[in-house]
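Peer 1: fold the following for me, if possible:
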Amino acid sequence: MLPITHVVWRHLLAETREERRTWPSLRAIAEDLDLGVSTVHKALARPSEIGAVHISRLGGVEVWDPLRLLTLFTAHRQLQRDVIARRHVVAAPPEWAERAARDAGLTVGGFGAIVSHLGSNPIASYATVILYGDARFGRELVPAQEAQPSLELVICTPDRWLERYGDTTPFAQAYADVFCLPTWQASRFIEELDPWTVASRDERNLVA
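Peer 2: All right, here's what the predicted structure looks like:
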């Protein structure tokens, strides 16, 4: 489950991507997430120290450098700790599994979330589907044999704030989750994505 500190970072990154970078106070962020002010203040200590976030003397908060905040979030993300189930099922298009997962009330993350946010997949095919929700999902699917091409379902524990973002994780979390995967597809996505567009909407889209 995403640590509270990371929940705060994700919130700021998700809001920044929607072109909101300022809050009148720490309390405003705390109220957004139903957290204590001291919890938010503690979560912003490191981002403030490196200049990613600025906290004014009057208590206002501004995201100064979303790319640096994204880098901090990505560097600290430990996807493996959240994994509650892994399944290799008979190969099928990942979009099919993601659509079925959404219908079952799960949240799509990783590659599928990135593709959803971009509106298309101009980068690479992928065979790992990251989902947040019920660990039982996929039990009814046919398991792949060792020598067969397979689709890997990685199911993770959702935090209680995740549902506020709909059926897809925020772009920043999807990017961080893909960064955690030791696959060539993950490497391609990380190489091709312009991290700035993950942190903030901008005219730049993908690295040429």
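
Peer 1: and the helix or strand hosting A174, what does it pack against?
Peer 2: Using DSSP states H and E, A174 maps to helix 171-179. Under the contact criterion of 3 or more CB pairs under 8 Å, 6 or more residues apart in numbering; DSSP states H and E, helix 171-179 touches helix 4-17, helix 66-76, helix 110-118, helix 184-192, helix 195-199. Every residue, glycine included, has its C-beta placed from N, CA and C.

Peer 1: contacts for the third one next, please.
Peer 2: Here helix 110-118 makes contact (CB atoms under 8 Å, 6 or more residues apart in numbering) with 94-95, 98, 108, 121, 126, 128-130, 154, 168-171, 173-175, 177-178, 181, 185, 189, 193, 205.

Peer 1: circling back: can you add mean neighbour count and distance to V37 and give the helices and strands packed on helix 171-179 back as a markdown table?
Peer 2: Below are the helices and strands packed on helix 171-179 laid out as a markdown table (neighbours: other CB atoms under 10 Å; distance: least, CB to CB, whole Å):
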| stretch | mean neighbour count | distance to V37 |
| --- | --- | --- |
| helix 4-17 | 22 | 12 |
| helix 66-76 | 19 | 20 |
| helix 110-118 | 23 | 30 |
| helix 184-192 | 15 | 35 |
| helix 195-199 | 21 | 25 |
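
Peer 1: save those as TSV, and put in distance to H41 and mean pLDDT too.
Peer 2: As requested, these are exported to TSV (distance: least, CB to CB, whole Å; pLDDT from 0 to 100):
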stretch	distance to H41	mean pLDDT
helix 4-17	10	96
helix 66-76	16	96
helix 110-118	29	96
helix 184-192	31	94
helix 195-199	22	77
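
Peer 1: mind checking which of the ones you listed is nearest D82?
Peer 2: D82 lies closest to helix 4-17 among the helices and strands packed on helix 171-179, at 10.5 Å (CB to CB).

Peer 1: for that closest one, packing partners?
Peer 2: By 3+ CB pairs under 8 Å, 6+ apart, helix 4-17 packs against helix 26-33, helix 37-43, strand 61-63, helix 66-76, helix 171-179, helix 195-199.

Peer 1: what angle separates the fifth one from helix 110-118?
Peer 2: Using axes from the mean of the first three to the mean of the last three CA atoms, to 10 degrees, the inter-axis angle of helix 171-179 relative to helix 110-118 is 150 degrees.

Peer 1: let's see helix 171-179 as CSV, backbone CA atoms only.
Peer 2: What follows is helix 171-179, C-alpha atoms only, in CSV (Å, rounded to 0.1, in the frame of the first residue of the first chain):
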residue,chain,number,x,y,z
PHE,A,171,0.1,9.3,-14.7
ALA,A,172,2.9,9.9,-12.1
GLN,A,173,2.1,6.6,-10.3
ALA,A,174,1.8,4.7,-13.5
TYR,A,175,5.3,6.0,-14.5
ALA,A,176,6.8,5.1,-11.2
ASP,A,177,5.3,1.6,-11.3
VAL,A,178,6.6,1.0,-14.8
PHE,A,179,10.0,2.2,-13.6
